[in-house]
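A.B. asks: prediction below, plus the sequence it came from.
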Amino acid sequence: MASFPHSHDTGAFGGVVKRNFSGLWILAATILGSSMAFIDSTGVNVALPILQEDLGASISDLQWVINAYGLFLASLLLVGGALGDRLGRKRMFIVGIIIFTAASLWAGLSSNATSLILARALQGVGGAIFVPGSLALIGACFTDSERGSAIGTWSSASALTTVAGPVLGGWLAETFSWRAVFFINIPIAVIVIAIAILRVPESRDEVTGAEIDWWGGTLATLGLGGVVYGLTLATNVGFSDLAVIGSIAIGVAALIAFVVVESNIEHPMMPLYVFTNRSFTAANILTLLLYAALGGMIFFVPLNLVHVQGYSATAAGFAMLPFLVLIATISRWSGGLVAKIGAKIPLTIGPLIVAGGLLLFTLPEIESPGFTTYLKTFFPAVAVMGLGMAITIAPLVTVVMSTVDQRLSGLASGINNAISRAAMLLAVAVMGVVSLFFFNGALDDQLVDRGVPQAIVDQLEGERVKLAGAEIPADLSEANAVVIQRAIDESFVDSFRRMMYLLAVLALGSALVALAFIQTHPAHGEQYKAEA
């Protein structure tokens, strides 16, 4: 899902670009820039097991390594787009790249989990400024006849870099260090900034002069942050803790206030009237459920592969390669389906296939790593999920973009992008709590069944929050260490399977939403109320 703010100056400016600037340079800058944000949104996941061991991080810390980035990226995307419209798209694109790169350097140099989490939060702020700017620049710098092809190229490259993130992240983490996942952004950023300065023209929205919705951005960040912080903290202290209750309460109150503010100000970051379109609303509910399932899968599968199955970080990254290949080869075909059979069928079948892929993740036992083993265990699940997402993505984008007035297509895309990222953010927070609950229950049973002495059980208490990354007490005999490790591994697999069942239910729910509410051939702007 991509965000590009609405503009009224694209047509006239496109002619200037065609005469004086190369569209290839503009695409190069925007694709390379966006790739940093998209790779870091998925590539870090595969490095989590190595990072956890190096920094001694808990499962709560790992959640925040992912969530701190996603929180600020999701909640500030539309504010970032408005900044570009008002202050200059090229200028804010470069500013966002600089902030993101400085944060990447900070992240790579971090010596503890807290420092890394703060750096990831700053990365999210930078990403929220330049990600919407990348598509806004394409919208402003290409003529009407060229723009569709340019956006298609950007979208394809974005999908590829998002899914390629685990492959690159795993290889960098194992070959060099988990820090290299962040350091790789620095040379890319230098190239992007150079191209932007030398080859990309400036543009801004000279017509609307819309004010930036700082209240909306603040309340969205506070709301998501409060809920996510409370859920993540609950993995350590439980839901009865006053800090957890207070954080979630503040978050919910802020989200309610966000809705009230957005419905009453002149230039909201998320105008609520666009949701009067039934198909648009259904597409975003589908996005919320489906991307929550995807986010949970991307977080937990690498932990299983590396900690339990014995995969290297590189192998864990390559384990996701079928997902990448299927999206790259099928998305164009699935996009063409909408014109032939409408959006309802692919948006129903695609998520159903995703649910099937998630259920396939419940089948593998603890196996010795190897290519043949992978083909029989995790490959079917990854491939089926890739097929389902490849069938879904293009029709979903088509519904989002075609059911609102054309001048609000950027806004529609931005809303959908923010929802998809918020869904993945909340999924990691919620599923982290649930997975720890399942893990602790399974581990208690395993330790009792194996007759582990209470003294050893007590030693493990502080390690439970690391899930499969729990460290064995150093003073145990080799025989006892083997027993404890097997108990931890079996407990994580049990928890992992339960998580995949829950994620499959989310994917199934998204299919039901499409079946019930997506029209086969939604008319452009159907039920849309042009109140802006």
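C.D. replies: Everything's here; your move.

A.B. asks: residue 189 against residue 100, yeah?
C.D. replies: Yes: the criterion here is Cβ atoms under 8 Å, and residue 189 meets it with residue 100 at 7.2 Å. Every residue, glycine included, has its C-beta placed from N, CA and C.

A.B. asks: the more surrounded of those two?
C.D. replies: Between residue 189 and residue 100, counting by other Cβ atoms under 10 Å, residue 100 is the more crowded of the two (26 against 23).

A.B. asks: so what sits against both of residue 189 and residue 100?
C.D. replies: Common neighbours of residue 189 and residue 100 are listed as residue 36 (criterion: Cβ atoms under 8 Å, 6 or more residues apart in numbering).

A.B. asks: which residues in the stretch 401-532 of the chain form helices?
C.D. replies: In order along the chain, the stretch 401-532 of the chain carries the following helices (DSSP state H, counting those that start in this stretch): 409-449, 454-459, 478-517.

A.B. asks: what is the last one packed up against?
C.D. replies: Applying 3 or more Cβ pairs under 8 Å, 6 or more residues apart in numbering; DSSP states H and E, we find helix 478-517 packed against helix 278-303, helix 344-360, helix 409-449.

A.B. asks: mean pLDDT for those helices: which is lowest?
C.D. replies: Lowest mean pLDDT of the helices and strands packed on helix 478-517: helix 409-449, a mean of 84.

A.B. asks: got the angle between that helix and helix 278-303?
C.D. replies: With axes from the mean of the first three to the mean of the last three Cα atoms, to 10 degrees defining the directions, helix 409-449 sits at 40 degrees from helix 278-303.

A.B. asks: how far is helix 409-449 from where the chain is centred?
C.D. replies: The offset between the C-alpha centroid of helix 409-449 and the centroid of the whole chain comes to 11 Å, using Cα atoms, centre = their mean, to the nearest Å.

A.B. asks: other SSEs contacting that helix?
C.D. replies: In terms of contacts (3+ Cβ pairs under 8 Å, 6+ apart), helix 409-449 is packed against helix 59-87, helix 113-141, helix 214-237, helix 278-303, helix 378-402, helix 478-517.

A.B. asks: worst mean pLDDT across the helices and strands of the protein, which element?
C.D. replies: When each helix and strand of the chain is scored by mean pLDDT, DSSP states H and E, helix 10-20 comes last, with a mean of 38.

A.B. asks: now the element after that one, going C-ward?
C.D. replies: Note on helix 10-20: by DSSP states H and E, the next helix or strand toward the C-terminus is helix 23-55.

A.B. asks: same for that next one, what does it pack against?
C.D. replies: Judged by 3+ Cβ pairs under 8 Å, 6+ apart, helix 23-55 is in contact with helix 59-87, helix 89-109, helix 113-141, helix 144-175, helix 180-183, helix 185-199, helix 278-303, helix 313-318.

A.B. asks: how about these, which one is nearest residue 464?
C.D. replies: Residue 464 lies closest, by Cβ to Cβ, to one member of the helices and strands packed on helix 23-55: helix 59-87, at 8.8 Å.

A.B. asks: circling back to that earlier point, any chance of the helices and strands packed on helix 409-449 in TSV, plus distance to residue 317 and mean neighbour count?
C.D. replies: Shown next, in TSV, are the helices and strands packed on helix 409-449 (distance: least, Cβ to Cβ, whole Å; neighbours: other Cβ atoms under 10 Å):
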stretch	distance to residue 317	mean neighbour count
helix 59-87	16	26
helix 113-141	19	26
helix 214-237	25	21
helix 278-303	8	25
helix 378-402	12	24
helix 478-517	18	19
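
A.B. asks: of those, which is nearest residue 355?
C.D. replies: Closest to residue 355 of these, according to Cβ to Cβ: helix 478-517, at 3.8 Å.

A.B. asks: per-residue confidence at residue 95?
C.D. replies: Here the pLDDT value assigned to residue 95 is 95.

A.B. asks: what about the stretch 101-250 of the chain, any weak spots by pLDDT?
C.D. replies: 139, 144-149, 151-152, 155-156, 159-160, 162-163, 205-210 (pLDDT under 70).

A.B. asks: give me that answer again for 80
C.D. replies: 132-136, 138-167, 203-213, 232, 235-238 (pLDDT under 80).

A.B. asks: and the gap between residue 457 and residue 443?
C.D. replies: Counting by Cβ to Cβ, to the nearest Å, the gap from residue 457 to residue 443 is 9 Å.

A.B. asks: and for residue 78?
C.D. replies: 43 Å.

A.B. asks: surely residue 404 touches residue 412?
C.D. replies: Yes: shown here, residue 404 and residue 412 form a contact pair, counting by Cβ under 8 Å, at 4.6 Å.

A.B. asks: residue contacts, residue 285?
C.D. replies: Under the criterion of Cβ under 8 Å, 6+ apart, the contact partners of residue 285 comprise 510, 513, 517.

A.B. asks: make a markdown table out of these and add distance to residue 334 and pLDDT.
C.D. replies: Putting the contacts of residue 285 into a markdown table (distance: Cβ to Cβ, whole Å; pLDDT from 0 to 100) gives the following:
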| residue | distance to residue 334 | pLDDT |
| --- | --- | --- |
| 510 | 16 | 97 |
| 513 | 18 | 96 |
| 517 | 20 | 91 |
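
A.B. asks: between those residues, which is nearest residue 418?
C.D. replies: Proximity of the contacts of residue 285 to residue 418 (Cβ to Cβ) peaks at residue 510, which lies at 17.3 Å.

A.B. asks: my guess is that closest one meets residue 284, correct?
C.D. replies: No: using Cβ under 8 Å, residue 510 makes no contact with residue 284, being 10.8 Å away.

A.B. asks: would TSV of the helices and strands packed on helix 478-517 with distance to residue 175 be doable?
C.D. replies: Listed next are those as TSV, based on distance: least, Cβ to Cβ, whole Å:
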stretch	distance to residue 175
helix 278-303	16
helix 344-360	29
helix 409-449	26
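
A.B. asks: which one, of the ones you listed, ends up nearest to residue 69?
C.D. replies: With Cβ to Cβ as the criterion, residue 69 lies closest to helix 409-449 of the helices and strands packed on helix 478-517, at 8.8 Å.

A.B. asks: quick check: angle from the closest one to helix 478-517?
C.D. replies: Going by the same axes, to 10 degrees, helix 409-449 makes 140 degrees with helix 478-517.

A.B. asks: out of the helices and strands packed on helix 478-517, which gets nearest to residue 366?
C.D. replies: Using Cβ to Cβ as the criterion, the shortest distance between residue 366 and the helices and strands packed on helix 478-517 is 12.6 Å, found for helix 409-449.
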